[in-house]
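Asker: what follows is a predicted protein model with its sequence.
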Amino acid sequence: MPGASRHGIRTRLLAVNSVVIVSSFLSAAVVAALVGPPMFTRLMNEAVKPGARGDHPYQRAFEKATAASLGAALLVSMLAALALSWYLSRRVYRSATELAHAATVIAQGHYDFRVSPPRLGREFDEIAVAFNTMAASLGRVEHGRRQMLADLAHEMRTPVSIVDAYLEALEDGVKTLDADAIAVLRDQSRRLTRLSKDVAALSDAEHQARTIDARCISIAQLIATATTVWEPRYRAKGVTLESTTPDDLPTVWADPERLGQVLANLLDNGLRYTPSGGTVTVRAAATRDGVTIVVSDTGQGIPAEHLPHVFDRFYRVDEARDRVHGGAGIGLAIAKALVDGHGGTVKADSPGLGQGSTFTVSLPRGVEQGPSPAPSHHDSTYLVG
C-alpha cells in the first residue's frame, strides 16, 4: 500500500523502549563517572589523609566497585525493561492484529464477529467496545435490509400472482374480461400502486435531513386541521373522533407537512383497528422540553410482545387481519422516521388485546422560536353513527 509504514507497532514499541533503555544506561554511567570518583576522593582526603592529592588505592577500588555494581544493576534493569517492553508490545500487537482481522471479517459480511477487550487500559477497552457496538449496529442494519427486501417481495407476490392468474385465465379463454375481472385486476393494481407509494414515502421519511422544512408552528392548529380532514372517514365507519388541546400549548419549531403526515398515519392506524362504536382521542400537552401529542383508541390493542416492533418496517401484529384492512405495515415506520427527523420520540403502549392502544409523540421546542400565535382552545368531538 503506498505510504504505508514498513514496520509494525510491535517493532516500533521495541525500538522506542530500546532507545529509552540505552539513553538511561549512558546517562547513569556518565553521571556515576563524573560525580562518584571526585566525591569519594574528597571524602577520603578529609577523613584519612587531609590535604593529600593524587591517585589513591581506595579510589581505584571504589571505581572498580562502582563500575561493577552499576554495570550489574543496569544490566538487570535493562533485561527487565526489555522483557516488560516485549510483553507490552506483544499485547498491543495482538490487540491491533485482532482488530484488523475483525474489520476484515466484518467487511466480508460476518457482522456477528466480536473483538475481546485488550485490557491495556481504559482507552483500548473503549476502542474494543466501540468496535463491537459498530459491528452490532451494522448487523442490525443488514438484517433490516434483508428483512425489508423479503417483506417487500412477499407484499408484491400476492397481487402479482393474482394478476398473472387472471391474465393466464383470460388467455386460455377460461374467463372473460367482464366487470368482475376488471374490478379484481384494478384492485390488485391499486394495491401495488399503494405499496410503491408507501415504500417511496418511507424512503423519503428516512432521509429527514433533506425533507424537514422547519418553521414555528402551532400544534393546536395542526391537530384541528388533521381531525377535520379525517372526520368524514371516522363518521363513515361509526367511530368517535375527539381532540383536545390546552390554551397554553407552546409553539414548536417543526415541519407542518411532515408532522401532519405523522398525525395522518396515527389517525389512520387508529381508524383501522377501532371497531364501529369505538373512540379515538387526540390530546396535546405542554412539557418542560416541548410538546407531547397523544393518540389513543379503544380498539383491538397490541400484545406486549409486539410493542417493541410496531414501528419496524412491514411489521404486522396480525398479518391476516392487516391484509384484510389493506395495510402494508409501513405507516408507523414512516411516522417514527419523521418524528426522529424532528429530534423527537414516539412510543406505543397498550394494556393488551381488546383494551386499546396509545401512541405518544414527544417533540422538542427547538432552538429557533418565532412569535407565538394568540392562544386558542380547541375542543372538538366528532360522533359518528
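Answerer: Great, that's in hand.

Asker: give me the neighbour count for the closest residue to residue 129 other than its chain neighbours.
Answerer: The spatially closest residue to residue 129, leaving aside those adjacent along the chain, is residue 117, at 7.5 Å (CB to CB, 6 or more residues apart in numbering). Just so you know, the C-beta spots here come from the backbone N, C-alpha and C atoms, and that holds for glycine as well. The number of residues packed near residue 117 is 13, by other CB atoms under 10 Å.

Asker: would residue 117 count as being in a strand?
Answerer: No: under DSSP: H, G, I helix; E, B strand; the rest coil, residue 117 sits outside any strand and is assigned coil.

Asker: now for it: which residues touch it?
Answerer: If you count contacts by CB atoms under 8 Å, 6 or more residues apart in numbering, residue 117 has them with 124-125, 128-129.

Asker: for residue 160, same thing?
Answerer: Contact analysis of residue 160 by CB under 8 Å, 6+ apart lists 188, 192.

Asker: ramachandran coordinates for it?
Answerer: Main-chain dihedrals, residue 160, degrees, to the nearest 10: phi -70, psi -40.

Asker: how far away is it from residue 124?
Answerer: As judged by CB to CB, to the nearest Å, residue 160 and residue 124 stand 53 Å apart.

Asker: ditto for residue 232
Answerer: Distance check for residue 232 against residue 124: by CB to CB, it reads 63 Å.

Asker: can you check residue 167 too?
Answerer: From residue 167 across to residue 124, the span is 64 Å (CB to CB).

Asker: please identify which of the two sits among more neighbours.
Answerer: A side-by-side neighbour count of residue 167 and residue 124, using other CB under 10 Å, places residue 124 first with 17 against 13.

Asker: rounded mean pLDDT for the particular helix or strand that has the more buried one in it, please.
Answerer: Using DSSP states H and E, residue 124 sits in helix 122-172. The pLDDT scores in helix 122-172 average 81.

Asker: same check, this time on stretch 177-192
Answerer: For stretch 177-192, mean pLDDT rounds to 84.

Asker: cool, and stretch 217-225?
Answerer: 90.

Asker: just the helices in the stretch 151-300 of the chain please.
Answerer: Here the stretch 151-300 of the chain has its helices, by DSSP state H, counting those that start in this stretch, at 179-205, 208-211, 219-237, 256-273.

Asker: want to throw those helices into CSV with mean neighbour count?
Answerer: Below are the helices of the stretch 151-300 of the chain laid out as CSV (neighbours: other CB atoms under 10 Å):
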stretch, mean neighbour count
helix 179-205, 14
helix 208-211, 12
helix 219-237, 18
helix 256-273, 21
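
Asker: for these, which one sits closest to residue 173?
Answerer: Judged by CB to CB, the one of those that comes nearest to residue 173 is helix 179-205, at 12.5 Å.

Asker: TSV for the helices of the stretch 151-300 of the chain, including distance to residue 138?
Answerer: What follows is those, written out as TSV (distance: least, CB to CB, whole Å):
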stretch	distance to residue 138
helix 179-205	20
helix 208-211	20
helix 219-237	37
helix 256-273	28
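
Asker: who wins for proximity to residue 102 among those?
Answerer: Among the helices of the stretch 151-300 of the chain, helix 208-211 comes nearest to residue 102, with 30.4 Å by CB to CB.

Asker: for that closest one, give the mean pLDDT please.
Answerer: Here the average pLDDT along helix 208-211 is 54.

Asker: what of stretch 300-320?
Answerer: Averaging pLDDT along stretch 300-320 gives 76.

Asker: what does stretch 365-373 give?
Answerer: Mean pLDDT, stretch 365-373: 48.

Asker: could you do stretch 261-273 as well?
Answerer: Mean per-residue pLDDT for stretch 261-273: 90.

Asker: how about that stretch as CSV, C-alpha atoms only?
Answerer: Output in CSV follows, covering the C-alpha atoms of stretch 261-273 (Å, rounded to 0.1, in the frame of the first residue of the first chain):
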residue,chain,number,x,y,z
GLN,A,261,-48.2,13.1,7.9
VAL,A,262,-47.3,11.7,11.3
LEU,A,263,-50.8,12.6,12.6
ALA,A,264,-52.4,11.2,9.5
ASN,A,265,-50.6,7.9,9.9
LEU,A,266,-51.6,7.6,13.6
LEU,A,267,-55.2,8.5,12.9
ASP,A,268,-55.3,6.0,10.0
ASN,A,269,-53.9,3.4,12.3
GLY,A,270,-56.5,4.2,15.0
LEU,A,271,-59.4,4.1,12.5
ARG,A,272,-58.1,0.8,11.0
TYR,A,273,-58.1,-1.1,14.3
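
Asker: Provide the backbone phi and psi angles at the residue nearest to residue 129.
Answerer: Main-chain torsions, residue 117, degrees, to the nearest 10: phi -60, psi 130.

Asker: distance check, it against residue 104.
Answerer: 20 Å.
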